[in-house]
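A.B. asks: Following is a predicted model, sequence given first.
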Amino acid sequence: MKTVLITGANKGIGLETARQLAQQGCFVYIGSRDLGNGQKAVEALTAAGLSNVAAVQLDVTDADSISQAKDAISRQTGSLDVLINNAGIAGAQPQQLAGDSMQNLRDLFETNFFGMVQTTQIMLPLLKQSAAPSIINVSSEVGSLTMNTASDRRANWTLYSAYGATKTAVNAFTVMLANELRDERFTVNSVTPGYTATDLNGFQGFKTAAEGAKPIVELAMSADRTATGKFFNDSGEVSW
């Protein structure tokens, strides 16, 4: 049984990812900034017949919170097979970099990038106890430099420029970390769920949470240990 930790998993894509992984036999820790919200998510999954889930308080912007979550998981399982860095915020919009407030930009990077790096660093000792550890960073095509520089790029992406910049940084983190851990059994990859209807975007996405979770779940369950330092969606590899 794989042991999985998902940050920001009390709702949206994170919760749906937890549901699908639990259905496939994984034991899933639902990381939630507010423990009460995480426990409600666990209760909902338990009511649906899934007992292999547990809530853990985890705020990716708080190192003490992450360390306490690591210790709780360590006491229960001793190791972690998959870390899914899903927690993120959309920030105030519109957010064009030519005029967006520095505070909004700092807030976005604090959660979406620094929070992800911090969580990964603190969880690494647990991951290293796994025979086949995986780190999955939830990104977005809005962070793809290739797509942003294409002639047919989506014009409305400029409304999310600051958010997109954080996801570009996430992708760079994925590549650099994959290179650092290449000789230590790890796989480290980015994955985009696509434009999924969640409260992150006011439920405007055209994909359901179940559809958005699909490529994350597939990556988490993959037995391919050669795929690392890559960017995926539900159709395959995405250009950086």
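C.D. replies: All right, it came through fine.
A.B. asks: got a pLDDT number for residue 240?
C.D. replies: Per-residue pLDDT puts residue 240 at 96.
A.B. asks: Let the chain start at 40 from now.
C.D. replies: I'll keep to 40 as the first residue from here, and by that count the last item is residue 279.
A.B. asks: element containing residue 266?
C.D. replies: Under DSSP states H and E, no helix or strand contains residue 266.
A.B. asks: who's in contact with it?
C.D. replies: Residues counted as contacts of residue 266 (C-beta atoms under 8 Å, 6 or more residues apart in numbering) are 226, 228. Glycine gets a C-beta too; all of them are placed from N, C-alpha and C.
A.B. asks: just the helices in this structure please.
C.D. replies: 51-62, 74-86, 102-115, 141-148, 154-166, 184-187, 200-219, 248-260 (DSSP state H).
A.B. asks: Name the residues of the third one that are buried.
C.D. replies: To tie it back to what came earlier, the one meant is helix 102-115. 104-105, 107-109, 111-112 (16 or more other C-beta atoms under 10 Å).
A.B. asks: Any regions of this structure where pLDDT drops low?
C.D. replies: Residues of the chain meeting the criterion pLDDT under 70: 194, 234-246.
A.B. asks: measure the residue nearest the centre of it to residue 42 for me?
C.D. replies: In the chain, the centroid-proximal residue (C-alpha atoms, centre = their mean) is residue 125; its distance is 2.1 Å. Residue 125 sits 16 Å away from residue 42, taking C-beta to C-beta, to the nearest Å as the criterion.
A.B. asks: same check, this time on residue 92
C.D. replies: 11 Å.
A.B. asks: what residues are shared contacts of these two?
C.D. replies: The contact lists of residue 92 and residue 42 share 66, 68, where a contact means C-beta under 8 Å, 6+ apart.
A.B. asks: Centroid-wise, who is the farthest residue in the protein?
C.D. replies: residue 190 (29.0 Å).
A.B. asks: which residues does the closest residue to residue 272 other than its chain neighbours contact?
C.D. replies: Leaving aside its sequence neighbours, residue 272 sits nearest to residue 231 (C-beta to C-beta, 6 or more residues apart in numbering; 4.9 Å). Residues in contact with residue 231 (C-beta under 8 Å, 6+ apart) are 177-180, 254, 270-272, 277.
A.B. asks: Compute the distance between residue 231 and residue 269, please.
C.D. replies: Taking C-beta to C-beta, one finds residue 231 at 12 Å from residue 269.
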